[in-house]
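J.: No letters, just coordinates:
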DNA sequence: GCAAATTTTGACCGGTTGGACAAACGTTAG
DNA sequence: CTAACGTTTGTCCAACCGGTCAAAATTTGC
């Protein structure tokens, strides 16, 4: 190993690739449950089934693991929004965006919590990505939505806050899962809660609360 | 000081009351910004303008501070929901509940983040309160809302998920503040963002996104 | 099969952190 | 004034934690 494993072109052996994946998976588990400062290298190493020095052979610092995780996270996390485009019926597009986001909250709660943890702490390591990549994408999609509004396809509102509200309502089911389950109780808090949420959110975003007629 | 400062009837001197308040205020600042494990007693002591051993004279353990903060938090946090009642027009009631919650996100972001931090970590110290006090209150209010639905005053949906969505959308502006500001940018992310949010949320919850007519 | 490169491990280190403690200092009531 | 009580501080400790290092074990290329 003469390489520093960082920089633009880190060539890696098979073992390195596998072990790095193993570590990142373990770190996702630990970081998402305890936050960055609440997690120890030992915990991650144990979750990955290796010793601490061994882990530090693959990632020289705790921060490096977190950073790598963050970079990957943003991509997968924004994928649903990237898919939102001008083709197809606007209301259908929005409905399926909401559905996809809710599915992500259900299937990748750890990723959601990792993200939430980072933002909650003021995004010390992610701020640049938020102001760059994220803002660019959201502005772009906001423009698309504005087009729909001008065309009279959906009601006129603030597209940015619309996107926020979709993020908030869907991610809530991952980030605040304990609370949701505590409130719904054993019977209603079971697996069905995501379908209930999907039905509710569809109605909320399409029709609001005013009674029909 | 012969008392342990805990238990059912802790009589306290004037200085003790003042200093404890000072510490709790400092701890709110520190805990909400760094989480429980990310905060040190030293940080809290410095923020409160006293030495660490001095702080530990008033709260014997770091956990005691956090616990006290949590107990107070739930009460103030649920106050807006407690005010939601059967008197008055349902849509107006819900609208002002949303407004109150949004005002809390604006005026008490530290409390919101402290709460979010606790829930995100699986509510290790708050679970009992969630399953007890919180669930009871929400169930009660869900019943009120159900009444409104039966009376045809508002559209029929799941009252519990309705409450979740109000929590999620409003608290988002406190908990994800950095993200909101990063996306809105310097110009739109200023003080006006809460009014924009208020307008948007009112429209969303009342009318949804379907175009008029 | 063997040498070079890679991977793994145990021992160790310095800094931080939560907390204990006794001594010093301040306050208050008689 | 003074004794009892309440408050503050400096010092200290043990556990934890991020990270180093050299040596041992293993894998890989020839």
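T.: Nice, thanks for sending it over. Since this is a predicted model, take the numbers as computed values, not measurements. Residues are numbered from 1 along each chain as shown, chains lettered A, B, ... in the order given.

J.: Where does chain A get nearest to DNA strand C, which residue?
T.: For chain A, the residue closest to DNA strand C is residue A:53, as judged by C-beta to the nearest atom of the strand, at 3.1 Å. All C-beta atoms are positioned from the backbone trio N, CA, C, and that covers glycine.

J.: State the next helix or strand along the chain beyond the strand or helix carrying that residue.
T.: Secondary-structure element containing residue A:53, defined by DSSP states H and E: helix A:52-58. Elements were assigned by DSSP H and E; along the chain past helix A:52-58, the next helix or strand is helix A:62-83.

J.: Now do the buried residues in that following helix.
T.: Of all the residues in helix A:62-83, those buried under the rule 16 or more other C-beta atoms under 10 Å in any protein chain shown are A:62, A:65, A:66, A:69, A:70, A:73, A:74, A:77, A:78, A:80, A:81.

J.: counting contacts, what elements does the helix holding residue A:53 pack onto?
T.: Helix A:52-58 sits against helix A:14-34, helix A:41-47, with contacts defined as 3 or more C-beta pairs under 8 Å, 6 or more residues apart in numbering or on different chains; DSSP states H and E.

J.: what do you get if the cut-off is 10 Å, keeping everything else the same?
T.: Using 3 or more C-beta pairs under 10 Å, 6 or more residues apart in numbering or on different chains; DSSP states H and E as the contact definition, the elements that helix A:52-58 packs against are helix A:14-34, helix A:41-47, helix A:62-83.

J.: residues touching residue A:42, list them.
T.: Shown in contact with residue A:42 (C-beta atoms under 10 Å, 6 or more residues apart in numbering or on different chains): A:30, A:51, A:52, A:55.

J.: Averaged pLDDT, stretch A:90-109. What do you get?
T.: Predicted confidence along stretch A:90-109 averages 97 (mean pLDDT).

J.: for stretch A:133-144, that is, sorry about that
T.: When the per-residue pLDDT values of stretch A:133-144 are averaged, the result is 97.

J.: is chain B contacted by it?
T.: Yes - under the criterion of C-beta under 10 Å from any C-beta of the partner chain, chain B is reached by stretch A:133-144 at A:134, A:135, A:136, A:137, A:138, A:139, A:142.

J.: List the buried residues for that stretch?
T.: With burial defined by 16+ other C-beta under 10 Å, the residues of stretch A:133-144 counted as buried are A:134, A:135, A:137, A:138, A:141, A:142.

J.: Check stretch A:45-55 too.
T.: In terms of neighbour count (16+ other C-beta under 10 Å), stretch A:45-55 has its buried residues at A:45, A:47, A:48, A:50, A:55.

J.: follow-up on the earlier one: I'd like the buried residues of helix A:62-83 as JSON lines, with pLDDT and distance to residue B:88 appended.
T.: Supplementary listing: those in JSON lines, determined by pLDDT from 0 to 100; distance: C-beta to C-beta, whole Å:
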{"residue": "A:62", "pLDDT": "98", "distance to residue B:88": "54"}
{"residue": "A:65", "pLDDT": "98", "distance to residue B:88": "53"}
{"residue": "A:66", "pLDDT": "98", "distance to residue B:88": "49"}
{"residue": "A:69", "pLDDT": "97", "distance to residue B:88": "48"}
{"residue": "A:70", "pLDDT": "95", "distance to residue B:88": "47"}
{"residue": "A:73", "pLDDT": "93", "distance to residue B:88": "44"}
{"residue": "A:74", "pLDDT": "92", "distance to residue B:88": "44"}
{"residue": "A:77", "pLDDT": "93", "distance to residue B:88": "41"}
{"residue": "A:78", "pLDDT": "93", "distance to residue B:88": "42"}
{"residue": "A:80", "pLDDT": "96", "distance to residue B:88": "39"}
{"residue": "A:81", "pLDDT": "97", "distance to residue B:88": "39"}
